[in-house]
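Enquirer: Here is a sequence with its predicted model. Questions after.
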Amino acid sequence: MRLFLAMAWRNVWRHRRRSVLTVMTIALGLAFNIFMRALGDGFHEQMVDNSVRAHIGHIQIHRAGYHDDPAITKTLPQPDRIRSAIESLPGVRGASFRVLGDGLASSAENSAGVSVVGVDPDEEPTVTTIHRAVIRGRYLERGQHKPCLIGERLAKTLQVDVGDSLVLLAQAADGSMAGEKYRVEGVFRSGAPELDRGVVYLVAEDAQELFVLPGRFSEAVILLDSSRAVDETARRLEAELAGLEVEVLPWYVVEPYIQQFIELDDAFFYVIVLILFIVISVGILNTILMSVFERVREFGVMMSLGMKPRQVVRLVVLEAFLLGVVGVVFGGLLGSAFTLYYEAAGMDFGAWAEGAAALGLTTTITYPKLTAANLFWSNTSVLLVVVLVAFYPAWHAARLEPVEAMRHV
């Protein structure tokens with residue numbers, strides 16, 4: 001094997017310029033693959049994190065059937081037991097119990113349909129970042145006269161600002177029509193259009209009074225230390241709450257369009273990778289074929305001296321493998337260095353700010369995320385493609401007739 005390795009290494013660098021160009025093709029293709037995969041991973045993680053921290057949390061608990069039919073009367077059974085079950089779980093960063101309903105927000109100038117979200121002013125900041133999104137006024141506080149928090153777009157629609165009055169009309173849980181006046185305590189800009197133009201936040205007790213739901217909650221929202229623990233934590237919660245008529249839903253069930261977008265984006269990435277592999281394959285195939293055609297007589301001599309066809313295949317594939325290894329080493333280093341730089345500095349996609357907001361991104365700065373899985377699969381797949389492509393010219397060389405090959409000029 002050592003002899004074959006030495007022969008293969010010598011043959012690889014017999015035509016240095018051609019080999020260097022082939023190595024560059026492999027290296028640049030691999031570096032591009034590593035960076036694009038890291039950029040996609042960073043973008044997806046940021047999109048999920050922004051959506052989770054904006055409103056939905058990692059896990060939501062409702063009464064069974066609420067997600068498919070969010071009726072206001074479907075409130076959580078035994079909220080104290082649910083709270084205790086959440087507090088007993090490891091890796092929980094925060095939890096918030098909410099009151100949810102729909103209503104009509106009216107001002108002296110205009111009106112708009114809104115979603116009403118009643119929150120505990122102390123609990124909600126442990127789950128979402130809405131308290132940090134306030135751009136005018138201040139966040140909700142208990143003890144004030146019915147404060148509310150609205151999005152910037154809704155404030156423009158209703159032509160109200162901090163200190164102005166807002167009337168909410170809604171159908172209560174008992175079937176009656178409810179109406180109450182609230183004071184705009186703050187205006188927020190979350191970056192998520194559906195929140196900024198269509199949500200009114202109230203103190204939970206005020207929302208319970210509006211919807212006639214004394215001491216009752218519509219959902220519990222949980223934020224975890226890591227999104228990787230979502231499935232395991234959801235399973236443990238279901239076991240803890242066995243016997244209660246509740247549904248425990250991960251974020252990707254609550255907002256399936258996010259997961260669907262990630263899957264679609266991954267599919268697009270795989271198309272790009274396929275094109276990239278075709279380019280690399282053509283480069284390798286051209287290099288190895290030219291090498292084989294130039295050495296027909298040499299192969300004839302070796303086979304006449306006793307080299308078997310399978311040894312010819314091994315030699316040619318080994319040459320391709322060595323080219324691939326050199327290309328993978330340089331490509332891996334280049335791709336990692338490029339990715340790590342932008343992982344620290346970030347990439348500004350300000351030109352696509354509106355599109356980013358529609359996807360739930362509150363910032364246009366994206367940070368690629370380099371992972372061990374990315375490096376392993378990128379390097380392995382490129383090297384595998386190089387070796388597989390080499391089998392055709394190797395098979396061609398192995399089929400040469402020694403006498404005819406030695407006469408080749």
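Expert: That came through fine. Residues are numbered from 1 along each chain as shown.

Enquirer: Helices along the chain, start to end?
Expert: Remark: helices assigned in the chain by DSSP state H are 2-12, 16-51, 79-87, 152-158, 193-198, 204-211, 230-240, 251-254, 256-294, 296-304, 309-345, 353-358, 372-398, 402-406.

Enquirer: which of those sits most buried?
Expert: Compared across the helices of the chain, helix 204-211 shows the largest average neighbour count, a mean of 22 (mean count of other C-beta atoms under 10 Å). C-betas here are computed from N, CA, C, even on glycine.

Enquirer: ok, back up a step: please name whichever of the helices of the chain is nearest to residue 366.
Expert: Proximity to residue 366 (C-beta to C-beta) singles out helix 16-51 among the helices of the chain, at 5.2 Å.

Enquirer: relative orientation of that closest one and helix 309-345 in degrees?
Expert: 50 degrees (axes from the mean of the first three to the mean of the last three C-alpha atoms, to 10 degrees).

Enquirer: Output the contacting helices and strands for helix 16-51.
Expert: Contact here means 3 or more C-beta pairs under 8 Å, 6 or more residues apart in numbering; DSSP states H and E; on that basis helix 16-51 packs against helix 256-294, helix 309-345, strand 365-366, helix 372-398.

Enquirer: in its sheet, what does the shortest one sit against?
Expert: The pairing partners recorded for strand 365-366 under DSSP bridges are strand 347-348 (antiparallel).

Enquirer: Could you chop the chain up by domain?
Expert: Split into domains by automatic domain parsing, the chain comes to 2-52+258-406, 65-244.

Enquirer: Mean pLDDT lowest where, among these?
Expert: Per-segment mean pLDDT for those reaches its minimum on domain 2-52+258-406, at a mean of 82.

Enquirer: all strands of the stretch 51-200 of the chain, in order?
Expert: Taking DSSP state E, counting those that start in this stretch, the strands of the stretch 51-200 of the chain run over residues 59-63, 92-106, 111-119, 134-137, 147-151, 165-171, 177-188, 199-203.

Enquirer: can you redo the helices and strands packed on helix 16-51 as a markdown table with distance to residue 199?
Expert: Shown next, in a markdown table, are the helices and strands packed on helix 16-51 (distance: least, C-beta to C-beta, whole Å):
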| stretch | distance to residue 199 |
| --- | --- |
| helix 256-294 | 18 |
| helix 309-345 | 33 |
| strand 365-366 | 25 |
| helix 372-398 | 37 |
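
Enquirer: So which of the ones you listed is nearest residue 191?
Expert: strand 365-366 (12.4 Å).

Enquirer: what residues are up against residue 299?
Expert: Contact analysis of residue 299 by C-beta atoms under 8 Å, 6 or more residues apart in numbering lists 292, 312, 397, 400, 405.

Enquirer: What sits closest to residue 290 if chain neighbours are left out?
Expert: residue 18 (7.1 Å; C-beta to C-beta, 6 or more residues apart in numbering).

Enquirer: for residue 245, same thing?
Expert: residue 64 (4.5 Å).

Enquirer: Can you report how many residues lie near residue 220?
Expert: 25 (other C-beta atoms under 10 Å).

Enquirer: Which residue comes closest to it once chain neighbours are left out?
Expert: Residue 220 sits nearest to residue 61 (C-beta to C-beta, 6+ apart), 4.3 Å away.

Enquirer: Can you read off the pLDDT for that neighbour?
Expert: We have a pLDDT of 96 for residue 61.

Enquirer: Closest to the centroid, which residue in this protein?
Expert: What sits nearest the mean C-alpha location of the chain, by C-alpha atoms, centre = their mean, is residue 44, with 2.0 Å.

Enquirer: re the thing from before, using JSON lines, lay out the domains of the chain together with distance to residue 251.
Expert: Formatted as JSON lines, these follow (distance: least, C-beta to C-beta, whole Å):
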{"stretch": "domain 2-52+258-406", "distance to residue 251": "6"}
{"stretch": "domain 65-244", "distance to residue 251": "7"}
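
Enquirer: out of these, which comes closest to residue 252?
Expert: Nearest of these to residue 252, taken as C-beta to C-beta: domain 2-52+258-406 at 4.1 Å.

Enquirer: ok, how many other residues are close to the residue nearest to residue 245?
Expert: Neighbour number of residue 64 under other C-beta under 10 Å is 12.

Enquirer: do you know how far it is from residue 83?
Expert: Distance, residue 64 to residue 83, by C-beta to C-beta, to the nearest Å: 18 Å.

Enquirer: For residue 113, see how far away residue 328 is.
Expert: Taken as C-beta to C-beta, the span from residue 328 to residue 113 is 57 Å.

Enquirer: whoops, residue 34 was the one
Expert: 47 Å.

Enquirer: got the helices of the chain as CSV, with distance to residue 95 columns?
Expert: Below are the helices of the chain laid out as CSV (distance: least, C-beta to C-beta, whole Å):
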stretch, distance to residue 95
helix 2-12, 60
helix 16-51, 18
helix 79-87, 5
helix 152-158, 27
helix 193-198, 20
helix 204-211, 13
helix 230-240, 11
helix 251-254, 14
helix 256-294, 21
helix 296-304, 71
helix 309-345, 31
helix 353-358, 27
helix 372-398, 31
helix 402-406, 76
